[in-house]
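>>> Following is a predicted model, sequence given first.
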Amino acid sequence: MLLSETAASIKSMEIRGAGRIARAAVEALADYAKNLDASDPETFKREMQRAADILTGTRPTAVSLPNAVRSVMRALDSFESVEAARDAVLARAAEFVDHSEHAVERIAAIGARHISDGDVLLTHCNSEAALGCILEAHRQGKEFEVYATEVRPRGQGLVTIRTLNDAGIRTNYIVDSAVRYFINDVDLVFVGADAIAVNGAVVNKIGTAQIAHAAHEARTNVIVAAETYKFAPRTILGELIEIEERDPDEVLPRAVAEELPFVQVRNPAFDVTPAEYVDLIVTEQGAIPPGLAYTVIRDCLGWKIEELR
Ligand SMILES: O=P(O)(O)OC[C@H]1O[C@H](OP(=O)(O)O)[C@H](O)[C@@H]1O
């Protein structure tokens, strides 16, 4: 796939899910590097940076995207020839994809430990990391039931219920607004993350904060499954995660909206769940309380404060 095609697919959400977006971007960068005809290393680096900017500009919220792109671009910090730079990019990209795939497996193994026989789980949206935990617990023979939300407006819940159904897991499909109605039947909420701030706040699909709030009120634990590259280093400096607001057409057909000139359709794709509504974040490095998010940024992402400016 051409770089522009990957970028378009990420933007249109044909490629979606924070982890998948990160891997697709890195693979597109590697592909671009493979075919890039540059006369000197500086030109190579400049062209790569242009490609990196196109990819990171597609969706603003999932921090996995800039983190992944930056981890590959750091290969270009020092190099002697175009060939050496190309090899370094390809090696870094392969390393990232491998790390990402292993991280999802490791999270599944750690997260599954928190699921017990007889549990009723609730999941929102379609998170590879969160579903990995649920599927792994099922694979281990644990008997449980899942509530999965519809996920307006894009309906990612349909992907989730297909996966759960194919695995043979008993699933209840509910509209997003039915969460509080059912929350007292739920033992554990399992969701993914698009970004995690230094204060442990979790940015995830719109509706997650409402679910976590209802869970908090019902004393139901909320577990977030997220690879370490979803933690956002720049939040150390007080930077907020940008919340993507998508096309109103996703919510209301344009023809209907046009008949209602006083109505503005708002379509934020994500919301922020405060750390106090999150009980545990499962990463590939282990499970941590949200208050330890800073240590993940410091120890796993390997960026010094000076580099963040
Ligand atoms: O990386 P994984 O765990 O698959 O997904 C993490 C999150 O990414 C998705 O965003 P979108 O559907 O791309 O907007 C959802 O918000 C999901 O919870």
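Nice, thanks for sending it over.
>>> which stretch of helix or strand covers the nearest residue to residue 36 once chain neighbours are set aside?
Nearest in space to residue 36, with sequence neighbours left out and distances taken as Cβ to Cβ, 6 or more residues apart in numbering, is residue 47 at 5.7 Å. The C-beta positions use only the backbone N, C-alpha and C, and glycine is treated the same way. Residue 47 belongs to helix 41-56 when elements are defined using DSSP states H and E.
>>> tell me which residues in that helix are buried?
Buried residues in helix 41-56, counted by 16 or more other Cβ atoms under 10 Å: 41, 44-45, 48, 51-52, 54-56.
>>> and what of stretch 252-267?
Applying a neighbour-count criterion of 16+ other Cβ under 10 Å, the buried positions in stretch 252-267 are residue 267.
>>> Show the end-to-end separation of it, please.
Taking Cα to Cα, to the nearest Å, stretch 252-267 runs 10 Å from one end to the other.
>>> what mean pLDDT would you report for that stretch?
Per-residue pLDDT over stretch 252-267 has a mean of 98.
>>> do it and the ligand meet?
No - for stretch 252-267, no contact with the ligand is found by Cβ under 6 Å from any ligand atom; the gap never falls below 11.6 Å.
>>> Name the residues that touch stretch 150-167?
Residues outside stretch 150-167 that contact it (Cβ atoms under 8 Å, 6 or more residues apart in numbering) are 13, 16, 123-126, 131, 134-135, 138, 146, 148-149, 171, 173-176, 205, 207, 250-251, 267.
>>> That one close to the ligand?
Yes - against the ligand, stretch 150-167 shows contacts by Cβ under 6 Å from any ligand atom at residue 156.
>>> got the buried residues for stretch 162-172?
163-164, 169, 171-172.
>>> ok, and the closest non-adjacent residue to the residue lying farthest from the centre of the chain?
Here the centre of the chain is the reference, and by Cα atoms, centre = their mean the most remote residue is residue 39, at 36.9 Å. Closest residue to residue 39 apart from its sequence neighbours, by Cβ to Cβ, 6+ apart: residue 82 at 7.8 Å.
>>> Out of the buried residues of stretch 162-172, which comes closest to the ligand?
Distance to the ligand across these (Cβ to the nearest ligand atom) is lowest for residue 163, with 11.3 Å.
>>> Just the pLDDT for the closest one.
For residue 163, the predicted pLDDT is 98.
>>> neighbouring contacts of stretch 206-220?
Applying Cβ under 8 Å, 6+ apart, the contact partners of stretch 206-220 are 122, 124-125, 149, 151-152, 176, 179-180, 183-184, 186-189, 191, 202, 221-222, 268-274, 276-278.
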